[in-house]
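**Student:** give me coordinates for this.
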Amino acid sequence: MNKKQAVKAILFAVIFLFLLQSLTYMLRTNGDIKEIFIGFYAEPKDTIDVVMIGSSPVYPFYAAPKLWGEYGFTMYPLASNVQRPKAAVYLVEEALKTQSPELFVFELRMYTYEEGAMADNMAYARGVTDNLKYSWNRIRLINSLVPEISERYTYYFDIFKYHSNWKTLILPDQYTAFWYERLHPLKGYVMHDEVIPGDGADYSAVSEQMAIPKEQEENLRALLVYLQEKDLNALFIVSPMVLDEDMQKKFNYMENIIASYGYDYLNLNNYYDELGIDFAMDYYDGGSHVNASGSEKCTAFLGNYLTEHYELTDKRSDEKYSTWNEAYIYWQECQEAALEMINNKVTSGEYDTMVEGE
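**Tutor:** As a prediction, the model looks like this:
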């Protein structure tokens, strides 16, 4: 092979891999998590003030458009269902590729779960890996989450999993995912207007501690050391939920660890009165995840806390953030309709029913 042929071969390989990458992005199954991550990649460089990392309590609990419209700072979630704590460091690194956040916020619920129970269902790993852009960081994340080396190639090249989605290429939205960048209309927030009441109890008086699973403690400590080494500011939170005494003890245990590294901790389960949380109307699944009513309360509480404890600049007068103004207007419209729906259900007593598997 002469030099000219070699150049042609290399050029062909580069073009092929580029097209394969973009085709994979388009074929990945559509859904809330894909839209959240695509939206993050679409945000302009160094415009996100707060990045929130964690599992499914993140994106329905805290409405980024409300934080912008009423407090003037930008927040974006990097969250996925049953997100394994092992992923946190890699998601911080992913965020730092394009953003320089003033603060990282980590939701702690998954740190109380046994790693084995999550590792056995690889959908929880794919929720993160299959929604990141191709990169060396993504490869490192896959290697961390997937112990079986022989299985990793289906994660490295996730088109093996999604090739059967080729019929979706007729959808215009798929082509806007060619670069895996498309602004999210609500900046990563997912709104719900369903109502399924829960039976919540206040355990804020419980002061005892109970150890979390050993591997999750190792993951938490590794994250804390990483944050210290990178000199990153962080807040660790627990979103309000139906919990029991043992869960509260585990959260207390994590609070002690986090404090020993010099980071802040906020358990919203200790502030039910201040939140105004109502387990009869604020949840869409019996007390684990909030609907639009509960989200408004949690977002307001978090917004007040962040503005009181951190120096976050109010940027609402900056024209560079016009899409955030649009998101706030859209959120207000959606919120009004959702609250009307929720209030009607509560008044009539005609609640939603839990879908099997949720």
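
**Student:** how many neighbours does residue 232 have?
**Tutor:** Residue neighbour count, defined by other C-beta atoms under 10 Å, stands at 15 for residue 232. Every residue, glycine included, has its C-beta placed from N, CA and C.

**Student:** just residue 98 next, same as before
**Tutor:** Count around residue 98 with other C-beta under 10 Å applied: 15.

**Student:** skipping adjacent residues, who's closest to it in space?
**Tutor:** residue 45 (5.2 Å; C-beta to C-beta, 6 or more residues apart in numbering).

**Student:** repeat that for residue 189.
**Tutor:** Nearest to residue 189 is residue 63, by C-beta to C-beta, 6+ apart, at 4.6 Å.

**Student:** who touches the one you found in this structure?
**Tutor:** By C-beta atoms under 8 Å, 6 or more residues apart in numbering, the residues touching residue 63 are 186, 189, 191, 295, 296, 299, 331, 335.

**Student:** which of those residues fall in helices?
**Tutor:** Using DSSP state H, the subset of the contacts of residue 63 located in helices is 295, 296, 299, 331, 335.

**Student:** point out where this structure drops to low pLDDT.
**Tutor:** 1-29, 160, 162-172, 174-178, 355-358 (pLDDT under 70).

**Student:** can you give me the strands in it?
**Tutor:** 50-54, 75-79, 103-107, 234-238, 264-267 (DSSP state E).

**Student:** right, so of these, which gets closest to residue 342?
**Tutor:** strand 75-79 (21.9 Å; C-beta to C-beta).

**Student:** can I get the CA coordinates of that closest one in PDB?
**Tutor:** What follows is strand 75-79 as a C-alpha-only set of coordinates in PDB (Å, rounded to 0.1, in the frame of the first residue of the first chain):
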ATOM      1  CA  MET A  75     -29.000  24.300  37.300                       C
ATOM      2  CA  TYR A  76     -28.900  21.200  35.200                       C
ATOM      3  CA  PRO A  77     -29.400  17.500  36.300                       C
ATOM      4  CA  LEU A  78     -27.200  14.700  35.100                       C
ATOM      5  CA  ALA A  79     -29.500  12.000  36.400                       C
END
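
**Student:** that one to strand 103-107, inter-axis angle?
**Tutor:** 40 degrees (axes from the mean of the first three to the mean of the last three C-alpha atoms, to 10 degrees).

**Student:** list the contacts of strand 75-79.
**Tutor:** 33, 36-37, 39-40, 43, 48-56, 58-59, 62, 64, 67-68, 91, 94-95, 105, 107, 187-189.

**Student:** before we move on, what about stretch 241-259?
**Tutor:** Residues contacting stretch 241-259 (C-beta under 8 Å, 6+ apart): 57, 108-109, 111-112, 198-201, 203-204, 206-212, 217, 220-221, 224, 236, 238, 264-265, 267, 269, 279, 283, 286-288.

**Student:** residue 200 - nearest residue in space that isn't next to it in sequence?
**Tutor:** For residue 200, the closest residue by C-beta to C-beta, 6+ apart turns out to be residue 279, at 3.9 Å.

**Student:** contacts only, for that neighbour.
**Tutor:** With C-beta under 8 Å, 6+ apart, residue 279 has these contacts: 197, 198, 199, 200, 242, 287.

**Student:** swap in 6 Å and give it another go.
**Tutor:** 198, 200, 287 (C-beta atoms under 6 Å, 6 or more residues apart in numbering).

**Student:** hey, what's the residue nearest in space to the middle of the chain bridged with?
**Tutor:** The centre of the chain sits closest to residue 79, judged by C-alpha atoms, centre = their mean, with a distance of 1.7 Å. As for beta bridges, residue 79 partners with residue 54 under DSSP bridges.

**Student:** what's the spacing between it and residue 278?
**Tutor:** Between residue 79 and residue 278 the computed distance is 24 Å (C-beta to C-beta, to the nearest Å).

**Student:** how about the helices in the stretch 251-358 of the chain?
**Tutor:** 272-275, 292-309, 322-348 (DSSP state H, counting those that start in this stretch).
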